[in-house]
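Undergrad: Build me a model from this:
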Amino acid sequence: MKETISPSASAPEPELPFGTPQISAAAGAEPDEVVVIKGPPRPAGYVPPTSSRTQEETEMNPTNPTALNVKRSVDRQRKEQRAVTSILSGVGLGLLLIIGGCAVLAGFGGFVLWKQIQRQSVTVDQMEQRINKEIASLQARNAELSSGLESAGAQLAKQLSLLEQAKSQLNRHEKDVETVRRRLSILEGDSGDRRR
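TA: Residues are numbered from 1 along each chain as shown. Sure thing, here's the model as predicted:
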């Protein structure tokens, strides 16, 4: 509210409603005095142009309750931002640790699988060597058995040929015996005729 006070007035004069004449307390009031007239009510939060600097200073004054509220809200927002950033950094760190742990476990699993594959390849090579040795021994035994069978077949052929020879000799002997019997019977027949 802008007020003008005359330099000659020592005590404040009472304000009068608009349009009413001022009655001086002293009878000899001078007509050149300044009269203060109250205007319409000002809106809440109105800052007069002359008192803006003083009002800013009072707002910035820490003893002012509105400044304390603003300071408290700023401090609260800072704390909330710090809490949110700490939570987000914790979540990010946790995710990084989980991803790193998964990567380490995957690497370890790959290393273990590689070792097992190496061991299995060694065991497969050993099994192939054993199988090859067994196949070679079986082939050697097969060759021995086939040579044995061949020799047995040759011996059997010899025995069969000897048996055929023996049969043929036996047949010859039977024929010879038959002829001898016939001759004997003929001879006996001749000798019986002679006796008669």
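
Undergrad: okay, now residue 71: neighbour count?
TA: Other residues lying near residue 71 total 13 when counted by other Cβ atoms under 10 Å. Using the backbone N, CA and C atoms, a C-beta is placed for each residue, glycine as well.

Undergrad: element containing it, please.
TA: helix 65-195 (DSSP states H and E).

Undergrad: Likewise for residue 40?
TA: Judged by DSSP H and E, residue 40 forms part of no helix or strand.

Undergrad: Can you check the pLDDT for it?
TA: With respect to pLDDT, residue 40 scores 75.

Undergrad: now residue 188
TA: Note on residue 188: pLDDT of 79.

Undergrad: What of the one 4 residues further on?
TA: Residue 192 is assigned a pLDDT of 66 by the prediction.

Undergrad: Equivalent analysis for residue 18, please.
TA: 53.

Undergrad: next one: residue 49
TA: Reading off the confidence values, residue 49 has pLDDT 58.

Undergrad: now swap in residue 66 and tell me
TA: 73.

Undergrad: what's the answer for residue 59, then?
TA: Value for residue 59, per-residue pLDDT: 50.

Undergrad: for the one 10 residues further on, same thing?
TA: Looking at residue 69, its pLDDT is 81.

Undergrad: do residue 32 as well
TA: With respect to pLDDT, residue 32 scores 66.

Undergrad: And for the one 3 residues further on?
TA: In the prediction, the pLDDT value recorded for residue 35 is 69.

Undergrad: Likewise for residue 54?
TA: For residue 54, the predicted pLDDT is 52.

Undergrad: and the helix holding residue 71, what other elements does it pack with?
TA: Applying 3 or more Cβ pairs under 8 Å, 6 or more residues apart in numbering; DSSP states H and E, one finds that helix 65-195 makes contact with helix 52-60.
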